[in-house]
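Student: Quick one, what's the 3D model for this:
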Amino acid sequence: MRKIFAIGETVYDVILKNGQPQAAKPGGAMLNSCVSLGRMGLPVYFISEYADDNIGSLINGFLSENGVDTSNVYHYRGGNTKLAMAFLDEKNNASYVFYEKYPAKRLDVDLPVIGPGDLLLCGSIYAITGAIRGKFLDMIDKAVGSGAIVIYDPNFRSSHRHELEKLKPLIIENMKMAGIVRGSDEDFRNIFGTCTPDEAWDVVSNYCDCLVYTASEEGVFVRTNGFKGEFPVKKITPVSTIGAGDNFNAGMMAALYINQIQRSCIGTMGKDIWSGIISMGVDFATEVCMSYENYISVEFASGIKGFR
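Tutor: Modelled structure (predicted):
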């Protein structure tokens, strides 16, 4: 049976607007994706680390309740689970302040064997963190060698631009191992200085054969060596944009899984197949933007499962 894996950091999000707390919940880009996939009833495995503390225990229980396998999570001592303070602006876009205390030894856990046809999602700052880089690269390299589909989301925010000279080679190295690079217009503007999907593709195509470029209300753009497509998004007034990209990734991965897409198919897919994949990504992202939740609702997941 195919499996879905995601590797990334875990945080506990505290969401504030106008100086007042609005919600608090488990978060982190890959965790958000995993919870939505778990609510879909798909076999999803989370690779991460959080402290053996009260917040870590809360997160662990939440993941288990939502169908996410946590057997590859490192429950460390000598530190605290990372906190993220998310401040919403007048357009309900978030800026973040983080509080963290990790132990000296990181991700001290056996990593899973990722097999042919499996899906692996990775990205954000965790994928270029020096303390876990060796383990990360070893796992990705083995996944690629097995024939798995690796989806890489750089999720590179302006707060890290002062480190770009150091981090850019690592981002490019990750892109070279990916079957699909999925990023936002902001990501590619911050990393490569590009302003359009075609400009981004001119750069990314040197490293990866497939780009999925999201540009908020302007739409979603797909570029491969054999296909060029543009897909619309729904016009909404978001309550919060936290988790939108994470859930686009979850929807895209759910579609790849449900439609049994293999890595060898990606370069040959046309508009009909891509339309279904992107549509599910947009639906997931739209659902999340209409609340303070970081993941699709159980009710939404049940409705999607009813059409499978």
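Student: residues near I172, how many?
Tutor: 17 (other C-beta atoms under 10 Å). Placement of C-beta: from N, CA and C, glycine included.
Student: the strands in this structure, which residues?
Tutor: 4-7, 11-17, 20-27, 44-51, 68-76, 80-88, 94-101, 119-123, 149-153, 180-184, 210-214, 220-224, 228-231 (DSSP state E).
Student: Give me the contacts around the second one.
Tutor: In this case it means strand 11-17. With C-beta atoms under 8 Å, 6 or more residues apart in numbering as the test, strand 11-17 has contacts from 21-28, 31, 55, 58-59, 81-88, 92, 94, 98, 240, 242, 292, 294.
Student: distance between that strand and the chain's centre?
Tutor: Relative to its chain's centre, strand 11-17 lies at 18 Å (C-alpha atoms, centre = their mean, to the nearest Å).
Student: returning to that earlier point: show me just the buried residues among the contacts of strand 11-17.
Tutor: Using 16 or more other C-beta atoms under 10 Å as the burial test, these include 23-28, 31, 55, 58-59, 81-86, 88, 94, 240, 242, 292, 294 as buried.
Student: List the buried residues in the helix or strand of the chain at the bottom of the mean pLDDT ranking.
Tutor: Here the helix or strand of the chain ranked lowest by mean pLDDT, DSSP states H and E is helix 298-305, holding a mean of 88. For helix 298-305, burial by neighbour count (16+ other C-beta under 10 Å) applies to 300-301, 304.
Student: what does stretch 253-264 give?
Tutor: Under the neighbour-count rule (16+ other C-beta under 10 Å), stretch 253-264 has 253-258, 261, 263 buried.
Student: so where's this protein shaky on pLDDT?
Tutor: Residues of the chain meeting the criterion pLDDT under 70: 305-308.
Student: So which residues of it form helices?
Tutor: 29-39, 54-65, 133-146, 164-177, 185-192, 197-204, 244-258, 271-289, 298-305 (DSSP state H).
Student: How far does the last one sit from its chain's centre?
Tutor: Mean C-alpha position of helix 298-305 versus that of the full chain (C-alpha atoms, centre = their mean) differs by 20 Å.
Student: Now do it: which elements does it pack against?
Tutor: Counting by 3 or more C-beta pairs under 8 Å, 6 or more residues apart in numbering; DSSP states H and E, the packing neighbours recorded for helix 298-305 are helix 29-39, helix 271-289.
Student: Tell me which other helices or strands the longest one touches.
Tutor: Other elements packing on helix 271-289 under the criterion 3+ C-beta pairs under 8 Å, 6+ apart are strand 220-224, strand 228-231, helix 244-258, helix 298-305.
Student: which stretch among these comes nearest I7?
Tutor: Of all the helices and strands packed on helix 271-289, it is helix 244-258 that lies closest to I7, at 12.8 Å by C-beta to C-beta.
Student: Rebuild the helices and strands packed on helix 271-289 as JSON lines, extending it with distance to D185.
Tutor: Listed next are the helices and strands packed on helix 271-289 as JSON lines, based on distance: least, C-beta to C-beta, whole Å:
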{"stretch": "strand 220-224", "distance to D185": "9"}
{"stretch": "strand 228-231", "distance to D185": "13"}
{"stretch": "helix 244-258", "distance to D185": "11"}
{"stretch": "helix 298-305", "distance to D185": "26"}
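Student: how about these, which one is nearest E165?
Tutor: helix 244-258 (24.6 Å).
Student: Convert that closest one to PDB, retaining C-alpha atoms only.
Tutor: Output in PDB follows, covering the C-alpha atoms of helix 244-258 (Å, rounded to 0.1, in the frame of the first residue of the first chain):
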ATOM      1  CA  ALA A 244      -3.400  28.100   3.000                       C
ATOM      2  CA  GLY A 245      -0.300  26.900   1.300                       C
ATOM      3  CA  ASP A 246       0.100  23.900   3.600                       C
ATOM      4  CA  ASN A 247      -3.400  22.800   2.700                       C
ATOM      5  CA  PHE A 248      -2.900  23.400  -1.000                       C
ATOM      6  CA  ASN A 249      -0.100  21.000  -0.700                       C
ATOM      7  CA  ALA A 250      -2.300  18.500   1.200                       C
ATOM      8  CA  GLY A 251      -5.000  18.700  -1.400                       C
ATOM      9  CA  MET A 252      -2.500  18.300  -4.200                       C
ATOM     10  CA  MET A 253      -1.000  15.200  -2.500                       C
ATOM     11  CA  ALA A 254      -4.400  13.800  -1.800                       C
ATOM     12  CA  ALA A 255      -5.200  14.000  -5.500                       C
ATOM     13  CA  LEU A 256      -1.900  12.400  -6.500                       C
ATOM     14  CA  TYR A 257      -2.600   9.600  -4.100                       C
ATOM     15  CA  ILE A 258      -6.200   9.000  -5.000                       C
END
